[in-house]
Structures are given as C-alpha cells and as structure tokens.
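Trainee: I'd like to go over a predicted model; first the sequence, then the structure.
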Amino acid sequence: MGEKGARLTGSAVEVGDRLAEELAPVGAVTTKKMFGGVGVFTDGTMFAIVDSTGSVFLRADESTTGRFEAADSEKHGRMPYWTVPAEVLDDPDELLAWADQAAGVARAAK
C-alpha cells in the first residue's frame, strides 16, 4: 500500500476506520492492516486502500479510470487504484457513490 518498507501509521488506521464506518452502506465493510497501510474490503473483496500517509485510493478499471483521470487523480503505482479527489472525500454522498462503483469493479474482477 505504501512505499516499500513503510510502517503502518496511526493516520492510515484512523482513515481506514473512518472509511469503514462511512462506507457501511456499500456492504459488510472491514479493514485489514497490510503493507504499511490499510485495505478496505466489502464481503471479502478489497475495493479501497489507505496508504501509510493516509491517502485514500479506490479500485478502478477501464470503465471507471476516465472519471479518476478527469479529476486529476493519481494511480497507485502499478495497482488498479486511484486517489480519491478531496472534494469527493468531503462529500459523504459522493464518496459513497464512488466507493459503491469501486466495490462493483472489485467484485467483477474476482
């Protein structure tokens, strides 16, 4: 999730916990500490990550990447996850819509 060798931070855990609470309508949302960050799962499928800096990334595919590119989001290395724009993070309804779409992408990729 984070840079190689990154250590899990309180910020990553705090953001992951907050996301799990805010995104509960997406499904049974859980978090797991991994690679210096936090994976966010619904029904056992990871659809979001929080890196060691507390930045939030959502899963994308060819049908949703354009939305992230249009928002000047950045891709997380070679992984199919993109940063969530600040205005989306600040709007609970919009965040839920983006996360629900990311969860659908993650389920379809399984």
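Mentor: It's in.
Trainee: wait, residue 100 touches residue 22, no?
Mentor: No: the pair residue 100 / residue 22 is not scored as a contact, 11.9 Å apart, by CB atoms under 8 Å. All C-beta spots, glycine's among them, are computed from the backbone N, C-alpha and C.
Trainee: where does residue 101 land in three-state SS?
Mentor: Recorded secondary structure, residue 101: helix (DSSP: H, G, I helix; E, B strand; the rest coil).
Trainee: any idea how many residues pack against it?
Mentor: Neighbour count for residue 101, taken as other CB atoms under 10 Å: 19.
Trainee: the residue lying closest to it once chain neighbours are set aside: what's it in contact with?
Mentor: Excluding the flanking residues, the one nearest residue 101 by CB to CB, 6 or more residues apart in numbering is residue 64, at 6.0 Å. Neighbour list for residue 64: 101-102, 105 [criterion: CB atoms under 8 Å, 6 or more residues apart in numbering].
Trainee: out of these, who's nearest residue 91?
Mentor: residue 101 (14.5 Å; CB to CB).
Trainee: do you know how far the closest one is from residue 88?
Mentor: Separation of residue 101 from residue 88 (CB to CB, to the nearest Å): 11 Å.
Trainee: how about the helices in the chain?
Mentor: For the chain, applying DSSP state H gives helices covering 10-22, 65-70, 86-89, 92-109.
Trainee: can you lay out these as JSON lines showing distance to residue 52 and mean pLDDT?
Mentor: Below are those laid out as JSON lines (distance: least, CB to CB, whole Å; pLDDT from 0 to 100):
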{"stretch": "helix 10-22", "distance to residue 52": "5", "mean pLDDT": "90"}
{"stretch": "helix 65-70", "distance to residue 52": "21", "mean pLDDT": "96"}
{"stretch": "helix 86-89", "distance to residue 52": "17", "mean pLDDT": "95"}
{"stretch": "helix 92-109", "distance to residue 52": "20", "mean pLDDT": "96"}
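Trainee: can you put those helices in JSON lines and add distance to residue 32?
Mentor: Shown next, in JSON lines, are the helices of the chain (distance: least, CB to CB, whole Å):
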{"stretch": "helix 10-22", "distance to residue 32": "9"}
{"stretch": "helix 65-70", "distance to residue 32": "23"}
{"stretch": "helix 86-89", "distance to residue 32": "21"}
{"stretch": "helix 92-109", "distance to residue 32": "14"}
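Trainee: done for today, thanks.
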